[in-house]
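Visitor: What follows is a predicted structure for the sequence shown.
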Amino acid sequence: MSNLSGFMPMVDGSPALSGDRTGLDAPAPVLAAPSTLFEPALFEPVTWPDGLRAIADLIQASRFPMFLAIGRELRLFYNDAYSDLLGDKHPAARGAPYASVRPELWDRMRPYFDEVLAGESAQLQHALMEFERNGKRERRFFCVALSPVRHAGQVAGVYCVLTETTSDVLSDYRHAFHQKLDETLDGLDDAAHIMRATSAMTGQTLGVARVGYGEIDAAGRTVSIDSDWTSGRMASLAGRAHPFDAFGPVIMAKLRQGRSVRIDDVDDDERSAPHAAAYDAIGVRALVMVPIVEEGRLCAVFYLHEPMARHWTEQEVAMAEDVARHTREVARRSRVEEHLRDESRILETVNRAGRALASTLDLNTLAQSITDAGAELSGARFGAFFCHTGGRDHPLQAPLHEQMRLYALSGASREQFDRLTPPTAAIFRPLIEGGAPVRSDDITRDPQHAALVADGTPLAQLRVRSYLAVPVVSQSGKVLGGLFLGHPAPAMFTERTERIVAGLAAQAAVAMDNAHLYEIAQTSALERDALLQSERLARVQAERLSHTKDEFLAMLAHELRNPLAPISSSASLLSLQFANEPRICQTSSIISRQVKHMSRLIDDLLDVSRVTRGLVKLKLATVDFRDVVSGALDQTRPLVLEKSHHVTVKLPDTPVYVRGDLTRLVQSVANIVGNAAKYTPKAGTLALRLVCSDGRMTLEVRDNGSGMPPDLVPNVFDLFTQGARTLARSQGGLGLGLTLVKRLVDLHDGEVTAHSDGVGCGSTFTLCLPCVSARADIDADDAPPSDVDPVRAALGRQLRVLIVDDNTDAADSLATLLQVQGHATAVEYDAASALRRARIEHPDVMLIDIGLPDIDGYQLASSLRALPEMAATVPVAVTGYGQAKDRERALEAGFVHHLVKPVDMTALVRILESSASLAAQAEAAAAPS
């Protein structure tokens, strides 16, 4: 077979021919053709030219359906075989235009007629033709051959030969359908899924409007449809039920005998015509019904419905019977498998329930497991587990509903059970008394309990009809509780169900005895868990507050550093512009010192937060601790000189190597020395002594300052701890420095202690660290700061510097300072303007603030790196964000350096010198040799 797509034969790959016009009054087609096209006057072959008359004789003599479509209107001349296909349209079709005889086929066939009238032949293989015949829709398959008929050298019409292939096509069709059906049903184990799948396949394959299964009740009086398939031409019957005999007793009798029923037209069939109203009610005009009989009883019908009259072929009926038979076998097998699965499910549920009862000591979990397992095993719609508030040694003096405590529910709400009144609660008496299980197939017909399910009672709202009550009794005979199972349908619980649930209740009794003993111990455990939970919540809250504090400190540092930047730049500018004015120079020095002091306070705030949370990562190297002491003295020199202290330093002649972070060690020692200098009156004495013994080094820092009271010494390294202060707070500080010392020394596996003989007796701080025997080179970035004035060191090296900062004071002051140093500067206050200027001027260095108004500095740096012409420009981040994560983000964005406001001029000068060197090398490389 060719031209088969799936199961629906196609015409040259197009949908099957079909239509819905049935009259002979359609307008005749007007086709483009030569003006000399033959037009028969009386449409009688005896009047035709010899050639056409010969073809007409051939057509009339053939047993195959043939026709000629002659003239501009393609009027028909056909033989007896074709007249059979026309049905009641014959003989009126003779001489009528093809389009009016076959309006349902004309739109699809016209292109082929045009092709033939143009002089070409056309063929259609196994084409599905849907047409009207005798008032009924028929579906047949044909091979069609179309050839041009010529007269006087012109095409006079179309010669058509049809060969019906319906039987062959449907045979192959049926075989392929069975294969597809097997594939579709393979793996389906649910009867409803099977019926939906087969209905859809049958309807799509046979082009039927509605297909489905009707279930027949046990009495054989009603047919019900749960679901069906429709093509959209008919409404679904899902959810509807109909009297079975309303469709005709003859038809129903035939179905009960196991024989299929085929009706082409309800109105014309004597079996259905008297009952046409029943068929009209469901919109059916033509139908096929296949009975499904099991154990001698008609249990269902498989139906195919059409809204219009239709001629059903033997092959189509056979396919419907095949589907019904196949479905019956698959459904039967499915039910057997379902029964086996149900047995397996029960065994698995019993096994799972046993494991659950054996593995838990929690009474609530135990009760819920019993309830869920009981409902699952019995098929109950809902279940409830009640615990008895007393035992057999307690007489039943309290009201019955007060002797029960509802512990677990399945399939119902607690409110429904809470409304149980004492009379209603009588249904649970077997649970309390501990007798044998009680089972009722229909409580509404039970004289003892019928009143309990009358309208308006709680049990009526639960729609209880079947119920099963099984007491749970311990081995000692104590009634522990009971399991109540209910269902709105009658006769849902069998004797087998009762035995299974009773066995479950016996297991539950053992588990509940164990759970009761465990509950006492669990109470104390719950109290302990509550305390632990409270502690965890407090820790989470503390971590949240700590995170909030860190964010606040970072933002505070950023906002404080921004105004410090123009202040620092202006102070440096004053020292350059008025170097010969002592008073101005003194003022500039004061400003610079206070700016540095403010910067140190900000750094301490951030450092103590990071160190406290363990976020500081040490850059370990082998360090000579003598260099640490020297670096610390260099950092504290301004404060020592300001207070005119006398400092003595005793260092070993040989290196004292330790393993540590040079920067953090210098910071620790500088904080100790600075603290000593701060709390020692003017012209005091500071003494530093470094010794090494037994693999450990010890640095002692002694002063003759204000000392400490005994109660302060143990807490001197705690956060925000300070000695007694006057209202003037002349020493300043936030009480962070020594806390940083303690945390940083701990990170180096060392220790630091403090001692004082009392107020006015001075203080001694001792720092100890383990020594190592080898030395590694110190990173140049960690080297102690130089004594050379960075501002003056930068003079004479001219670079093109573009400053980008929305803080106009900071940008302008820094630009002026760099101009005085001999650099060519430019200022922009937003990223877009800076990017435009940079692309034009190609600066050597760009000093970029991160918090810009349009796009941030990170995006600006990324944009610069993406421009090939900006490859030589060195972008430097100048920002108030100074944490390690901020530096890492800046470098990832494309910045080469990261400076924190106020800018360290030493670091900036080093960057400018490096950039100048690179610029000089680039110019030398570009110069002609």
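Guide: Arrived safely, thanks for sending.
Visitor: all strands for the stretch 201-350 of the chain, in order.
Guide: Taking DSSP state E, counting those that start in this stretch as the test, the strands found in the stretch 201-350 of the chain are 210-216, 222-225, 228-230, 240-243, 261-263, 286-294, 297-306.
Visitor: Would you mind pulling up the elements that the third one packs against?
Guide: Translated: strand 228-230. helix 191-206, strand 210-216 (3 or more C-beta pairs under 8 Å, 6 or more residues apart in numbering; DSSP states H and E). Every residue, glycine included, has its C-beta placed from N, CA and C.
Visitor: average pLDDT for it?
Guide: Strand 228-230 shows a mean pLDDT of 93.
Visitor: So what touches it?
Guide: 196, 199-200, 202-203, 209-213, 236-238 (C-beta atoms under 8 Å, 6 or more residues apart in numbering).
Visitor: If we go by neighbour counts, what in it is buried?
Guide: The neighbour-count check on strand 228-230 (16 or more other C-beta atoms under 10 Å) flags 228-230 as buried.
Visitor: Closest one to G482 out of the residues you listed, please.
Guide: For these, the residue nearest G482 by C-beta to C-beta is D228; the value is 45.5 Å.
Visitor: In the chain, which strand is the longest?
Guide: Secondary structure of the chain per DSSP state E: the longest strand is strand 136-151.
Visitor: Please tell me how far it is from the chain's geometric centre.
Guide: Distance of strand 136-151 from the chain centroid (C-alpha atoms, centre = their mean, to the nearest Å) equals 57 Å.
Visitor: can you check stretch 897-911 too?
Guide: Chain-centre distance of stretch 897-911: 47 Å, with C-alpha atoms, centre = their mean.
Visitor: separation between the residue nearest to K650 when sequence neighbours are not counted and G435?
Guide: In this structure, K650 finds its nearest non-sequential neighbour in R689, 4.4 Å apart by C-beta to C-beta, 6 or more residues apart in numbering. Distance from R689 to G435, counting by C-beta to C-beta, to the nearest Å: 95 Å.
Visitor: same check, this time on A356
Guide: 27 Å.
Visitor: ok, the two, which is more surrounded?
Guide: A356 (18 against 13; other C-beta atoms under 10 Å).
Visitor: tell me the secondary structure for Q125?
Guide: strand (DSSP: H, G, I helix; E, B strand; the rest coil).
Visitor: can I assume it is in contact with C143?
Guide: Yes - Q125 is within contact range of C143, at 5.6 Å (criterion: C-beta atoms under 8 Å).
Visitor: Make CSV from the strands of the stretch 201-350 of the chain and add distance to A273 to it.
Guide: Shown next, in CSV, are these (distance: least, C-beta to C-beta, whole Å):
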stretch, distance to A273
strand 210-216, 21
strand 222-225, 20
strand 228-230, 25
strand 240-243, 18
strand 261-263, 10
strand 286-294, 13
strand 297-306, 17
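Visitor: Tell me which of those strands sits nearest to I251.
Guide: Across the strands of the stretch 201-350 of the chain, I251 has its closest neighbour in strand 261-263 (5.2 Å, C-beta to C-beta).
Visitor: ok, the closest one: who's next to it in the sheet?
Guide: With DSSP bridges as the criterion, the sheet partners recorded for strand 261-263 are strand 286-294 (antiparallel).
Visitor: contacts for the strand it pairs with?
Guide: The contact list for strand 286-294, computed with C-beta under 8 Å, 6+ apart, reads 136-137, 213, 251, 255-266, 279, 298-306, 308-310, 312, 316-317, 320-321, 323-324, 327-328, 332.
Visitor: right, and the secondary structure at V752 would be what?
Guide: strand.
Visitor: tell me the contacts of it?
Guide: 668, 672, 717, 741-742, 745, 765-768.
Visitor: farthest-separated two in these?
Guide: Farthest pair in these (C-beta to C-beta) is F717 and C768. Separation: 14.3 Å.
Visitor: who has more neighbours, those two?
Guide: Taking other C-beta under 10 Å, F717 and C768 do not tie; F717 has more neighbours (20 against 15).
Visitor: Could you list the buried residues of stretch 58-69?
Guide: Under 16+ other C-beta under 10 Å, the buried positions of stretch 58-69 are 59, 65-69.
Visitor: can you check stretch 358-371 too?
Guide: Using 16+ other C-beta under 10 Å as the test for burial, stretch 358-371 gives 360-361, 363, 366-371.
Visitor: ok, residues contacting it?
Guide: By C-beta under 8 Å, 6+ apart, the list of residues contacting stretch 358-371 from outside reads 353, 356-357, 383-385, 387, 407-410, 472, 481, 483, 504-505, 508, 511-512, 514-516, 518-519, 522.
Visitor: So which of those residues belong to strands?
Guide: Per DSSP E, strands hold the following members of these: 383-385, 387, 407-410, 472, 481, 483.
Visitor: which one of these is nearest S466?
Guide: G383 (12.3 Å).
Visitor: Next one: the closest one relative to R496, how far apart?
Guide: According to C-beta to C-beta, G383 stands 17 Å off from R496.
Visitor: When those two are compared, which one has more neighbours?
Guide: Each of G383 and R496 has its neighbours counted (other C-beta under 10 Å); G383 has more, 26 against 10.
Visitor: Look at the more buried one and report its pLDDT.
Guide: For G383, pLDDT reads 85.
Visitor: V211 too?
Guide: On the pLDDT scale, V211 is placed at 94.
Visitor: Over to the one 5 residues further on?
Guide: The score at I216 is 89. That number is its pLDDT.
Visitor: Tell me who's in contact with it.
Guide: Neighbouring residues of I216 by C-beta under 8 Å, 6+ apart: 222-223, 244, 298-301.
Visitor: Out of those, which comes closest to L620?
Guide: The nearest member of the contacts of I216 to L620, counting by C-beta to C-beta, is A300 at 83.9 Å.
Visitor: Nearest residue to the closest one in space, please, no chain neighbours.
Guide: Nearest non-adjacent residue to A300, counting by C-beta to C-beta, 6+ apart: I292, 4.2 Å away.
Visitor: Which members of the buried residues of stretch 58-69 define the maximum pairwise distance?
Guide: Across the buried residues of stretch 58-69, the two lying at the largest distance from each other (C-beta to C-beta) are P65 and A69, at 13.5 Å.
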